[in-house]
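Asker: Dropping the sequence and predicted coords here.
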Amino acid sequence: MTVLRRRLGMLLVALALPLAARAAPVELTIGADSAAPVIDRNLFGQFAEHLGAGIYGGIWVGEQSPIANVRGIRSDVVAALRALHVPNVRWPGGCFADEYHWRDGIGPVSARRVQINSNWGGVTESNRFGTAEFMDFAEQIGAEPYVSVNVGSGSPREAADWLEYMTAAADTTLARERAANGHPAPWRVPLLGLGNENWGCGGAMSPDHYVEEMKRFAHYVHNYSPPAAGGAAMKRIAVGWDAGKYDYTEAVMRAWADKAYSWDIEGISLHNYTVGGWPPHLPATGFGLDDYATLIGETYHMDSLIARQSAVMDKYDPQRKVLLAVDEWGAWLASTPGTNPGFLAQQNSLRDAILAAINLNIFARHAERVKMANIAQMINVLQAMILTDGPRLVLTPTYHVYRLYVPFQGAQRLPVMLDGGQYRHGPVTLPRIDAIAARAHDGAVWLALVNVDPEAGSAVHLAGWHGASGDVLTAPRVDAINSFADPAAVAPVPVVGRADGGGVLLALPPRSVTVVRLDR
Ligand code: AHR
């Protein structure tokens, strides 16, 4: 069935070229820039919070579950995520992180504290999924742990103990406790979040208050198991910009520029959701072109937001020693009807896949400063990769974008020149074609193209290239989704370019994401 669909899709894409191209093909040139930055693998990071079915049901089903699992972690989810080469997973929150006390989630299950998840739906949190389970999950999918410590309601001592528990190889009391709990070898923690949104759910701190707290955490929390030789030491990510009231970025960077020898940070965060107006109300399914244009238009705010934050950082850090981590982003829509609103469950459409691709392109264009990003969230929450329902699993259109973009992980960005014109809808005017290119480790050149226009196809011509092959993700409607009943309604199909006048011609169907490898 899948093979048939892919063959049919390929045929359709090939046939669609003359029909879809609305005008003369757009000339696209890929330049050379040996000084261009690498598109950091960590831009493709994920976020898994104790929220709704993000952990329980989505990742953790327990050893006794009829759903196939390894030590309680569902195997279908692991297999799907492995294909994405997920670089890192941020855990345990979000808002949950600043109420998380690590001792509640270690050791014998019978001793784990059962509590209320006061941030998300007021449901019972069993702490069955704790440090060991998260580390196991990260290892099973091949990702690095990005652990957020509790700055809001915890203490530097609590966070320091957690890091020692996780990373100490020496014969310390906490390392012995870890060994007694079944893990003699230390874990690696290459990424550490110093709180979460401490201007809001993380304690509603003023910027100056946060800076004073953050410095203590940055100083007292030690990683005793730095990555192996050749790797960088643990990166500490402080909390940055608040969409509402404060500019944490300014306060943190000012403090950093004037810092004492005793503390440091390696990054600062930026959170930005694409919402269409708070509170989130736009439907995830059954919407039309007005909503499409509104959300895709808002997606481009990410570009100006990063530019503004980078400008603040440049002022204090012209050498770009501190990275910008967009460690929460994605579409935040009305909850799926009938679900607990605190679970932030939402469907995921072709529109969201296009939104994801544009954001990834924006991050790549800011790769000099943006070296991490974490889409919110991995499974069953907000703009998820995967939706589950008991034993059933569906890969979302956003999942497919992440799979198509794997070749861009760690690739060197290349300049792209094109004038694809504009897409206009009501007050919204957008670039019709959004593109990035990069040279991968093996020397291959990859091109990602988003045809933002939901109604008109386009085509690009690349002089000097003789082959283009890859995949295209599209569907008959912008609100097309993958459901449990029809899990492959939105799935990539192979696409090839056509030799044309000393170059290659590539059709871009309306509302599509295309990723191709180019050959000279
Ligand atoms: O991703 C959902 C929530 O959004 C996170 O917990 C919080 O950090 C943000 O406000």
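Answerer: Now that the structure is in, tell me what you want to look at. Numbers count the residues shown, from 1 in each chain.
Asker: Find the nearest non-adjacent residue to the residue nearest in space to the middle of the chain, please.
Answerer: Residue closest to the mean C-alpha point of the chain, counted by CA atoms, centre = their mean, is Ile375 at 2.7 Å. The shortest distance from Ile375 to any non-neighbouring residue, by CB to CB, 6 or more residues apart in numbering, is to Gly330 (5.0 Å). Heads up, the C-betas are built off the backbone N, CA and C, glycines and all.
Asker: since we're on that neighbour, how many residues are nearby?
Answerer: Residue crowding around Gly330 was assessed by other CB atoms under 10 Å; the count is 26.
Asker: And what about it, helix, strand or coil?
Answerer: Assigned by DSSP: H, G, I helix; E, B strand; the rest coil, the conformation of Gly330 is strand.
Asker: Verify the stated contact: it with Ala376.
Answerer: Yes - if you go by CB atoms under 8 Å, Gly330 and Ala376 touch, sitting 4.6 Å apart.
Asker: rewinding a little: kindly state the beta-bridge partners for the residue nearest to Ile375.
Answerer: Beta-bridge partners recorded for Gly330 (DSSP bridges): Tyr273.
Asker: Tell me the spacing between it and the ligand.
Answerer: Between Gly330 and the ligand the computed distance is 8 Å (CB to the nearest ligand atom, to the nearest Å).
Asker: same check, this time on Ile106
Answerer: 22 Å.
Asker: Do I have it right that that residue meets Ala180?
Answerer: No - the criterion here is CB under 8 Å, and Ile106 misses it with Ala180 at 10.2 Å.
Asker: all strands for the stretch 301-450 of the chain, in order.
Answerer: Ranges of strands in the stretch 301-450 of the chain, per DSSP state E, counting those that start in this stretch, are 323-331, 370-376, 386-389, 392-395, 412-414, 416-417, 422-425, 428-431, 433-439, 445-451.
Asker: what are the C-alpha coordinates of the longest one, in PDB please?
Answerer: The C-alpha atoms that make up strand 323-331 are tabulated as PDB, following Å, rounded to 0.1, in the frame of the first residue of the first chain:
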ATOM      1  CA  LEU A 323      24.500  30.700  22.000                       C
ATOM      2  CA  LEU A 324      20.800  31.400  21.600                       C
ATOM      3  CA  ALA A 325      18.600  28.400  22.200                       C
ATOM      4  CA  VAL A 326      15.000  28.600  21.000                       C
ATOM      5  CA  ASP A 327      14.100  25.800  23.400                       C
ATOM      6  CA  GLU A 328      10.400  26.100  23.100                       C
ATOM      7  CA  TRP A 329       8.600  26.900  19.800                       C
ATOM      8  CA  GLY A 330       5.800  25.600  17.700                       C
ATOM      9  CA  ALA A 331       2.100  26.000  16.900                       C
END
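Asker: picking that back up, turn the strands of the stretch 301-450 of the chain into CSV, columns for mean pLDDT.
Answerer: Shown next, in CSV, are those (pLDDT from 0 to 100):
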stretch, mean pLDDT
strand 323-331, 98
strand 370-376, 98
strand 386-389, 98
strand 392-395, 98
strand 412-414, 97
strand 416-417, 97
strand 422-425, 98
strand 428-431, 97
strand 433-439, 98
strand 445-451, 98
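Asker: In TSV: these, plus distance to Thr299.
Answerer: Formatted as TSV, those follow (distance: least, CB to CB, whole Å):
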stretch	distance to Thr299
strand 323-331	8
strand 370-376	13
strand 386-389	22
strand 392-395	22
strand 412-414	20
strand 416-417	18
strand 422-425	13
strand 428-431	9
strand 433-439	10
strand 445-451	10
